[in-house]
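Chemist: heads up, no residue letters with this:
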């Protein structure tokens, strides 16, 4: 069965790849996808990560043989990524309606409007999937894992199956730090808390260079008398508060020196609408995350689907895989976009989360 060129899967994948990508801060900064090596040709993906270590080389007596050392091991596991698949239907009634921003008396034909609707749907689906990926990235850093819901019929209601990923073997999450006092308390020892959080990472050979904060924490941070006192010491290179706008709801308020270690302070206030229709922030109020860029990886499994053109299964290795189907009797065309992302850490527990107020 011949289908329009614009609805062929390879054509739509090419169109998606040429679109300006929807930028998301947490996904892009902390879970980058390293080219084709992170986009798998199979539905399952291989997850590999290892413990950060700071092993010393051995001292050896002169004129003696070297001392044999074992190679550090790493974990390799096979996972099937979660399945994201938004879709929309298109009828002749949709094509006969005036498009958003279109002149009331426009002479655009139904065929031209169909191409416009297709392009907008591809953009919308990419944005929606990117928002879901940002949620997964946030949950991975906040909880050292994530629990997602695969719904059967309606998003946010009815039958669902839980999909769980956990990146630790201990009974409780080892990536949690609890300060003695909330940071909005004038007696809080913010620098002492930061030093302890940094030590939790660097003691295992992992970098600790950025502190991602909810906006309310940033406000308490900058208004804390002890912190202000450090900034007033002009003869010491303690910190530098120079707000810098970053994409996707993030902003840098400067760098501080925490007992010899440089730490960039980043606020993030981007929001999303959850499955119940409630607006929430990706970083909950009163929360900070200590980590470093590229602490994780963004992996993608392939998508297999039956194509309407030949009725056979085809497998695509891509971040976004559109699919076109039609029902001649109901006079409905449906467009779906599937993505199989899996966000994982590069090393065991490469981030520290703290509820600080």
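Modeler: Arrived safely, thanks for sending. Everything quoted here is computed from the prediction, not taken from an experiment.
Chemist: residue ranges with poor pLDDT in the stretch 151-300 of the chain?
Modeler: Counting by pLDDT under 70, the stretch 151-300 of the chain has low-confidence residues at 230-245.
Chemist: dump the residue contacts of the nearest residue to residue 125 once chain neighbours are set aside.
Modeler: The shortest distance from residue 125 to any non-neighbouring residue, by C-beta to C-beta, 6 or more residues apart in numbering, is to residue 337 (3.9 Å). C-beta here means a position set from N, CA and C on the backbone, and glycine is covered the same way. Taking C-beta atoms under 8 Å, 6 or more residues apart in numbering, we find residue 337 in contact with 16, 85-87, 122, 125-126, 129, 320-323.
Chemist: Which secondary structure state is assigned to residue 337?
Modeler: strand (DSSP: H, G, I helix; E, B strand; the rest coil).
Chemist: Now that we have the contacts of residue 337, which of them are buried?
Modeler: The neighbour count (16 or more other C-beta atoms under 10 Å) marks 16, 85-86, 122, 125-126, 129, 320-323 as buried among these.
Chemist: and which of those residues is nearest to residue 220?
Modeler: Of all the buried ones among the contacts of residue 337, residue 220 sits closest to residue 129, with 34.3 Å by C-beta to C-beta.
Chemist: and the closest one, that's in a strand?
Modeler: No. Under three-state DSSP, residue 129 sits outside any strand and is assigned helix.
Chemist: Now it: closest residue in space that isn't a chain neighbour?
Modeler: residue 339 is the one closest to residue 129 (C-beta to C-beta, 6+ apart), at 4.9 Å.
Chemist: Can you tell me who the one you found pairs with across the strands?
Modeler: residue 84 (DSSP bridges).
Chemist: residues touching it, list them.
Modeler: Residues counted as contacts of residue 339 (C-beta under 8 Å, 6+ apart) are 84-85, 129, 133, 300, 303, 319-321.
Chemist: now the helices: where do they sit in the stretch 151-300 of the chain?
Modeler: Using DSSP state H, counting those that start in this stretch, the helices of the stretch 151-300 of the chain run over 190-202, 215-223, 225-232.
Chemist: What is the second one packed up against?
Modeler: For helix 215-223, the contact count by 3 or more C-beta pairs under 8 Å, 6 or more residues apart in numbering; DSSP states H and E identifies strand 261-268 as packing neighbours.
Chemist: Flag every buried residue along the strand it packs on.
Modeler: For strand 261-268, the neighbour count (16+ other C-beta under 10 Å) marks 263-268 as buried.
Chemist: tell me the contacts of residue 121?
Modeler: By C-beta under 8 Å, 6+ apart, the neighbours of residue 121 are 88, 335.
Chemist: For it, which three-state class applies?
Modeler: helix.
Chemist: Could you check the pLDDT of it?
Modeler: pLDDT for residue 121: 88.
Chemist: Residue 173: neighbour count?
Modeler: By the measure other C-beta atoms under 10 Å, the count of residues near residue 173 is 15.
Chemist: Looks like it contacts residue 142 (just checking).
Modeler: No. Using C-beta atoms under 8 Å, residue 173 makes no contact with residue 142, being 9.5 Å away.
Chemist: Pull up the overlap in contacts between those two.
Modeler: When C-beta under 8 Å, 6+ apart defines a contact, no residue borders residue 173 and residue 142 alike.
Chemist: need the contacts of residue 337 in JSON lines with distance to residue 329 and secondary structure, can you?
Modeler: JSON lines is the format used below for the contacts of residue 337 (distance: C-beta to C-beta, whole Å; DSSP: H, G, I helix; E, B strand; the rest coil):
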{"residue": "16", "distance to residue 329": "30", "secondary structure": "helix"}
{"residue": "85", "distance to residue 329": "24", "secondary structure": "coil"}
{"residue": "86", "distance to residue 329": "24", "secondary structure": "coil"}
{"residue": "87", "distance to residue 329": "19", "secondary structure": "strand"}
{"residue": "122", "distance to residue 329": "26", "secondary structure": "helix"}
{"residue": "125", "distance to residue 329": "26", "secondary structure": "helix"}
{"residue": "126", "distance to residue 329": "31", "secondary structure": "helix"}
{"residue": "129", "distance to residue 329": "30", "secondary structure": "helix"}
{"residue": "320", "distance to residue 329": "29", "secondary structure": "coil"}
{"residue": "321", "distance to residue 329": "26", "secondary structure": "strand"}
{"residue": "322", "distance to residue 329": "23", "secondary structure": "strand"}
{"residue": "323", "distance to residue 329": "20", "secondary structure": "strand"}
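Chemist: Just give me the closest of those to residue 177.
Modeler: Of those, the one sitting nearest to residue 177 (C-beta to C-beta) turns out to be residue 129, at 32.2 Å.
Chemist: which ones are touching that closest one?
Modeler: 84, 86, 320, 337, 339, 341 are the contacts of residue 129 under C-beta under 8 Å, 6+ apart.
Chemist: mind redoing it with 7 Å?
Modeler: The contact partners of residue 129, by C-beta atoms under 7 Å, 6 or more residues apart in numbering, come to 84, 320, 337, 339.
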